[in-house]
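Visitor: What shape does this take:
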Amino acid sequence: MENSVQFVQWLRSVAPYIHAFRGKTFVVAFPGELVKAGALPVLAHDLSLLHALGIKVVIVHGSRPQVEEQLALRNVEPRYHNGLRITDAAAMECAKEAAGELRLDIEAAFSQGLPNTPMAHSAIRIISGNFITARPLGVIDGVDLEFTGIARRIAYETIHPILSAGGLVLLSPLGFSPTGEAFNLAMEDVAVAAATALRADKLIFITETPMITDAAGTELRELSSHQARAILTADFLPADASFYLRHAVQACNNGIARAHIVPFATDGSALLELFTHDGIGTMVTYENLESLREATIEDVGGILKLIEPLEADGTLVKRGRELIEREINYFSVIEHDGVIFGCAALYPFPSEKMAEMACLTVSPDAQTQGDGERLLKHIENRARASGYNKLFVLTTRTSHWFLKRGFVPATVDDLPKDRQHMYNWQRKSQVLIKQL
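Guide: So this is what the prediction gives:
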């Protein structure tokens, strides 16, 4: 009976994700190490489930260890420059053999239809072809990379109809020039190029690397693109993790809203990342620094103009100009062309490792664009970065919005002691708390 209840609760909890993802395009990329580790059948099951939920899936595979095996069989020493393979004629033949073998293995994995497996009744068609036009990388630092190339164009106009007809598309790390030459490509480069060309909703790297952590060893679950760039600049990540993160940032800068880096060591890692609130990997999100930032004293007038109508109707507590000027360091704002159309404040209570989010406001003209969500995420990240593990809000009219976003009802007694003394019993605001 307990298992039945858990199952129903789980199914209900994933339903919002299913609704949100249906019809969306995901590019899922994985290295040859995943196949070598024997994890391909499980990944095929998981991606088949995504397909069954109405998600359009493009798969990109890598082949580095398989190319190394082919080179070893031919007694050819692999050569690299700055982490990129120097692909001479012998290495190019090995890359072709490895890609061909992997393509067949992947097609076989998606052709399973055994009863009592996630593949039962799937009948998935996986299509591959010469979808990638490439060019040579050329000479870098005086080193000729020969047949190592970079994706120049993805045939999105051919891929879209395949996805719309219910097929999966498979891209190998090989591309072709207009003159018919083949080039060896980095899987990460192909994945970013495909996600960009297809205007994908997500790019997901299923990686051999462990969870990305900061310099102190704390797991990094979510990063804005500018935070990720700062980590890359600090240069403390292992080379492989840094390579994935650099491509995730590139994808976000190219217009992909979300890029995920998910270790394949955990069974079902792709599903856990996509269908649970905290995920199991690192999500990089695009954040335009010009539009979402911490407030300065010049923003006081814009904040006042934004919140005055809500103060007038009692939604927000009245704050005078002097108070906002004193507390401006607590505020974050969203602006566009110099006009502030969203704000929120973060008030710290360090002794209890708690923080209050207050004055969350978005202009009525922009309320359907997800900016309230962006502000909430930004404030959560500010709170986490300051070492707080709980975020609370007091609200009289918007409790449902916060409940949908992971807050749970609490009481005045659950607030920090200093905040309890300031609680306005006449307003009778509801207390909601979120674990960070």
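
Visitor: Quick one: low-confidence residue ranges for the stretch 1-150 of the chain.
Guide: 1-2, 113-122 (pLDDT under 70).

Visitor: And the strands in it?
Guide: 25-30, 56-61, 80-81, 84-85, 126-128, 132-136, 139-140, 143-144, 149-154 (DSSP state E, counting those that start in this stretch).

Visitor: V300: which of those strands is closest?
Guide: Nearest to V300 among those is strand 25-30; the distance by CB to CB comes to 42.6 Å. Every C-beta, even on glycine, is put in place using the N, C-alpha and C of the backbone.

Visitor: Quick one: residues in contact with the closest one.
Guide: Here strand 25-30 makes contact (CB atoms under 8 Å, 6 or more residues apart in numbering) with 43, 47, 50, 55-62, 163, 187-188, 190-191, 194-195, 198-207, 264, 270.

Visitor: Narrow those residues to those in helices?
Guide: 43, 47, 50, 163, 187-188, 190-191, 194-195, 270 (DSSP state H).

Visitor: As TSV, the residues you listed with neighbour count would be great.
Guide: Listed next are the ones in helices among the contacts of strand 25-30 as TSV, based on neighbours: other CB atoms under 10 Å:
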residue	neighbour count
L43	21
L47	27
L50	21
L163	19
M187	21
E188	23
V190	26
A191	31
A194	27
A195	30
A270	24
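
Visitor: Among those, which one sits closest to A109?
Guide: L43 (7.8 Å).

Visitor: how much space between the closest one and V28?
Guide: Per CB to CB, to the nearest Å, L43 is found 8 Å from V28.

Visitor: Mutual contacts of the two, please.
Guide: Contacts common to L43 and V28, judged by CB under 8 Å, 6+ apart, are 206, 270.

Visitor: quick one: secondary structure of H277?
Guide: coil (DSSP: H, G, I helix; E, B strand; the rest coil).

Visitor: Neighbours of it, how many?
Guide: For H277, the tally of surrounding residues (other CB atoms under 10 Å) stands at 8.

Visitor: What distance do you get for it to L436?
Guide: Relative to L436, and taking CB to CB, H277 is found at 12 Å.

Visitor: G175: what's it in contact with?
Guide: 132-134, 149, 151-152, 182-183, 185, 190.

Visitor: thinking A344 is in contact with K377, fair?
Guide: No - assessed by CB atoms under 8 Å, A344 is found out of contact with K377, at 10.4 Å.

Visitor: Looking at those two, which one has more neighbours?
Guide: Applying other CB under 10 Å to A344 and K377 shows that A344 carries more neighbours, namely 24 against 17.

Visitor: Next, find the distance separating P65 from L34.
Guide: 10 Å.

Visitor: Correction: the previous question concerned V249.
Guide: For V249 relative to L34 (CB to CB), the value is 22 Å.

Visitor: which residues touch the helix or strand harbouring I307?
Guide: Element membership for I307, per DSSP states H and E: helix 300-312. For helix 300-312, the external contacting residues (CB under 8 Å, 6+ apart) are 295, 316-319, 321, 324-325, 328, 331, 333, 335, 339-343, 359, 361, 363.

Visitor: Those residues, buried ones only, as a PyMOL selection?
Guide: Selection of buried members from the contacts of helix 300-312 for PyMOL, criterion 16 or more other CB atoms under 10 Å:
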select buried, resi 295+316+317+319+324+328+331+333+335+340+341+342+343+359+361+363
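
Visitor: right, and E188 touches H247 too?
Guide: Yes - look at E188 against H247 with CB under 8 Å: they come within range, at 4.1 Å.

Visitor: residues shared between the contacts of those two?
Guide: The contact sets of E188 and H247 overlap at F205 (CB under 8 Å, 6+ apart).

Visitor: Please enumerate the helices of the stretch 151-300 of the chain.
Guide: 156-164, 187-197, 225-234, 239-253, 269-275, 300-312 (DSSP state H, counting those that start in this stretch).

Visitor: per-residue confidence averaged over the fifth one?
Guide: In this model, helix 269-275 has an average pLDDT of 93.

Visitor: do the second one as well
Guide: Helix 187-197 comes out with an average pLDDT of 97.

Visitor: tilt between it and strand 25-30?
Guide: For helix 187-197 against strand 25-30, the angle by axes from the mean of the first three to the mean of the last three CA atoms, to 10 degrees is 180 degrees.

Visitor: can you check the third one too?
Guide: Interaxial angle of helix 225-234 relative to strand 25-30 (the same axes, to 10 degrees): 20 degrees.

Visitor: what's helix 225-234 packed up against?
Guide: helix 239-253, strand 282-285 (3 or more CB pairs under 8 Å, 6 or more residues apart in numbering; DSSP states H and E).

Visitor: Could you do the fourth one as well?
Guide: Helix 239-253 makes packing contacts with helix 187-197, strand 202-207, helix 225-234, strand 258-263, strand 282-285 when contacts are defined by 3+ CB pairs under 8 Å, 6+ apart.

Visitor: Okay, buried residues for it please.
Guide: Buried residues in helix 239-253, counted by 16+ other CB under 10 Å: 241-252.

Visitor: Just put those in TSV and tack on pLDDT.
Guide: Shown next, in TSV, are the buried residues of helix 239-253 (pLDDT from 0 to 100):
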residue	pLDDT
A241	95
S242	95
F243	95
Y244	97
L245	97
R246	96
H247	97
A248	97
V249	95
Q250	95
A251	96
C252	93
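
Visitor: Redo the helices and strands packed on helix 225-234 as JSON lines? Include distance to V14.
Guide: Converted to JSON lines, the helices and strands packed on helix 225-234 look like this (distance: least, CB to CB, whole Å):
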{"stretch": "helix 239-253", "distance to V14": "24"}
{"stretch": "strand 282-285", "distance to V14": "17"}
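
Visitor: closest to T158 out of those?
Guide: helix 239-253 (21.2 Å).

Visitor: How many residues are close by R22?
Guide: If we define neighbours as other CB under 10 Å, then R22 has 11 of them.

Visitor: go on, A355?
Guide: 27.

Visitor: In contact with it, which residues?
Guide: Applying CB under 8 Å, 6+ apart, the residues contacting A355 are 346-349, 383, 386, 388, 390-392.

Visitor: quick one: which of these sit in strands?
Guide: 346-349, 390-392 (DSSP state E).

Visitor: now E181: how far from R103?
Guide: For E181, the distance to R103 equals 20 Å [CB to CB].
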